[in-house]
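Student: Sequence and predicted structure, then a few things I'm wondering about:
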Amino acid sequence: MTPQLSPVLSRIDADLPASMDRLLDLMRLRSISTDPAYKDDCAAAADWLVADLSSIGIDAKIYTTPGHPMVMGHVDGPKNSNAPHLVFYGHYDVQPVDPIDLWTNDPFDPQIENTAKGRVIRGRGSSDDKGQLMTFIEACRAWKTEHGQLPCEITFFFEGEEESGSPSLVPFMEEHKDKLKGDVALICDTGLFGHDTPAIVTMLRGLMGDEITITAANKDLHSGMFGGIARNPIRVLTKILAGLHDDSGRVTLPGFYDGVPELSDDLRSQWEALDFNAEAFLGEVGLKNPAGEEGKTGLQMIWSEPTLEFNGIIGGYTGEGFKTVLPSQASVKLSARLVGDQDPHKIRAALHDYVCANLPDDCTVTFNPHGASKASTMATDHPAFEKARVALSDEWPNEAAFIGCGGSIPIAGHFKRIVGVDAMLAGFGRDDDQIHSPNEKYDVESFHKGIRSWARILDAVSKD
């Protein structure tokens, strides 16, 4: 441990009650971004963050947008320092609280509770993302208190629309990309792997969505009069969908796997060390047998391999009782999770070509695209990534690993595409935090060790 870090960690430990009080203050603000009724509350949360950043000497201010305000702050690092310029992103808005009757307490009257697994911070935004955001601010506060300055140049960037689709984010980043042009972006909106294993997400899957509607007759038909002689679009659609995967689970679209990289030996060994049990993972949802492509491990299936899944099928009469019809139309909503350099637009074109090539006479098809974004893969050869991984390993019981994420976190891709900066995603949430659900919580241990973790990372990355 360096001489600079030791007093900072001691300060964090001593000031934990005050840090938790500040988090509870922020959580009391009802910053629900998707509901216009809470517009003033979102503005109040942005103002609160500006005041809090300013209290530790960070030049911070509000930036208005067509929606909720952005908060940006900046502080220079030590003079003549070769430390990197870090850009930290978080969001202060939260999800709605419905159904309110499932909460044990007022979601905006946060409480510290004792549970069988330890103390937790209970309330909306505790984990997603106010608690995570404040871990970084509190680490910076401790550094400033002990040393009078931060160890490197830092830009703070807080959004107020993440939970409502971020409509203002891309235009804002494009307009202000010079202010966001650091060496590495830090994002604290992820979690631990398991209970005590810290992780840095370095792979995020992209997404391509589409809706396909097949039409046969110009109206629903009586199955007794037309069954057997007329095209049934449900049969047509399901036959087409069945052909999109072979018996091993591999997607059959031509060119689908173009740009899918091989997993590196280093990542493979890190993932194997995580001792992931696919059967136990599936057991949580009442399943046990992995259904992905044969020959792939469970973590590969959810982190580094692409998927093509059917999200909903509609056709014919689906109400109560029974109605013997041949439907006029059948439709499917489907999505592909993408990795590496897969091109979502080429995959969409291949899908459309495949459907049209397999469409029989007397049927027509329409397509309704639902977005397309490429995967994000971080350049872990940047020295800050390995320094951060070692720093996290020093704080937690288990060694930190570079991991993937099965979902999509758009802000990481925006930093890469708009600003040209790789994002390092490190968070301290746990799987049982119930984000987006009633009774959301954040473990006090996650908050405490999260602050200490960021202090260690700041110390590590600021050194030559």
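Tutor: Alright, I've got the coordinates.

Student: Only C-alpha atoms from now on, for both contacts and neighbour counts.
Tutor: Fine.

Student: any low-confidence regions in the chain?
Tutor: Of all residues in the chain, none has pLDDT under 70.

Student: Skipping its backbone neighbours, what lies nearest the residue most central in space within it in space?
Tutor: When the chain is reduced to its mean C-alpha position, the nearest residue by Cα atoms, centre = their mean turns out to be residue 409, at 3.8 Å. Closest residue to residue 409 apart from its sequence neighbours, by Cα to Cα, 6 or more residues apart in numbering: residue 204 at 6.9 Å.

Student: pretty sure that neighbour is touching residue 403, no?
Tutor: No - contact between residue 204 and residue 403 fails when scored by Cα atoms under 8 Å: they sit 9.4 Å apart.

Student: joint contacts of the two?
Tutor: residue 303 (Cα atoms under 8 Å, 6 or more residues apart in numbering).

Student: who has more neighbours, those two?
Tutor: Taking other Cα atoms under 10 Å, residue 204 and residue 403 do not tie; residue 204 has more neighbours (28 against 22).

Student: Dig out what that one forms beta bridges with.
Tutor: Under DSSP bridges, the beta-bridge partners of residue 204 are residue 376, residue 405.

Student: if I look at it, how far off is residue 294?
Tutor: According to Cα to Cα, to the nearest Å, residue 204 stands 22 Å off from residue 294.

Student: And residue 75, by the same measure?
Tutor: Per Cα to Cα, residue 75 is found 51 Å from residue 294.

Student: How about residue 41?
Tutor: Computed as Cα to Cα, the residue 41 to residue 294 distance reads 50 Å.

Student: do residue 134 as well
Tutor: 42 Å.

Student: check contacts around the residue nearest to residue 409.
Tutor: 303, 339, 375-377, 404-409.

Student: where exactly do the helices run in the stretch 151-300 of the chain?
Tutor: Remark: helices assigned in the stretch 151-300 of the chain by DSSP state H, counting those that start in this stretch are 169-175, 223-226, 233-242, 265-273, 278-283, 298-299.

Student: could the ones you listed be laid out in TSV, adding distance to residue 214 and mean neighbour count?
Tutor: As requested, the helices of the stretch 151-300 of the chain are exported to TSV (distance: least, Cα to Cα, whole Å; neighbours: other Cα atoms under 10 Å):
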stretch	distance to residue 214	mean neighbour count
helix 169-175	35	15
helix 223-226	18	13
helix 233-242	6	17
helix 265-273	42	13
helix 278-283	34	14
helix 298-299	35	20
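
Student: Please tabulate the ones you listed in CSV, including the columns distance to residue 435.
Tutor: Shown next, in CSV, are the helices of the stretch 151-300 of the chain (distance: least, Cα to Cα, whole Å):
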stretch, distance to residue 435
helix 169-175, 22
helix 223-226, 47
helix 233-242, 33
helix 265-273, 25
helix 278-283, 19
helix 298-299, 22
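
Student: and of those, who's closest to residue 335?
Tutor: helix 233-242 (12.4 Å; Cα to Cα).

Student: Identify the residues contacting that closest one?
Tutor: If you take Cα under 8 Å, 6+ apart as the criterion, helix 233-242 is touched by 214-216, 315, 327-331, 355, 358-360, 363.

Student: sorry, back to before: which one's more surrounded, residue 134 and residue 294?
Tutor: residue 134 (24 against 12).

Student: three-state assignment of that one?
Tutor: Following DSSP: H, G, I helix; E, B strand; the rest coil, residue 134 is assigned to helix.

Student: Distance of it relative to residue 407?
Tutor: Counting by Cα to Cα, the gap from residue 134 to residue 407 is 24 Å.

Student: on that earlier part again, how close does the residue nearest to the centre of the chain get to residue 207?
Tutor: Relative to residue 207, residue 409 is positioned 10 Å away (Cα to Cα).

Student: go on, residue 176?
Tutor: Per Cα to Cα, residue 176 is found 26 Å from residue 207.

Student: out of these two, which sits in the more crowded spot?
Tutor: Taking other Cα under 10 Å, residue 176 and residue 207 do not tie; residue 207 has more neighbours (25 against 13).

Student: Pull the contacting residues for that one.
Tutor: Contacts for residue 207 (Cα under 8 Å, 6+ apart) come out as 335-338, 344, 371-375, 408.

Student: Spatially nearest residue to it, not counting backbone neighbours?
Tutor: Nearest one to residue 207, counting by Cα to Cα, 6+ apart, is residue 337 at 4.8 Å.

Student: so how far is whichever strand or helix holds that neighbour from its chain's centroid?
Tutor: In this assignment (DSSP states H and E), residue 337 forms part of strand 329-338. Mean-position distance between strand 329-338 and its chain equals 22 Å (Cα atoms, centre = their mean, to the nearest Å).

Student: what comes up buried for whichever helix or strand comes after that strand?
Tutor: Once the chain leaves strand 329-338, the next helix or strand it forms, by DSSP H and E, is helix 344-357. For helix 344-357, burial by neighbour count (16 or more other Cα atoms under 10 Å) applies to 344, 347-348, 350-352, 354-355.

Student: And stretch 207-218, by the same measure?
Tutor: 207-217.

Student: Redo the residues you listed as CSV? Include distance to residue 439.
Tutor: Shown next, in CSV, are the buried residues of stretch 207-218 (distance: Cα to Cα, whole Å):
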residue, distance to residue 439
207, 30
208, 32
209, 31
210, 34
211, 35
212, 38
213, 39
214, 43
215, 45
216, 48
217, 50
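
Student: Just these: which are in strands?
Tutor: Using DSSP state E, the members of the buried residues of stretch 207-218 that fall in strands are 207-215.
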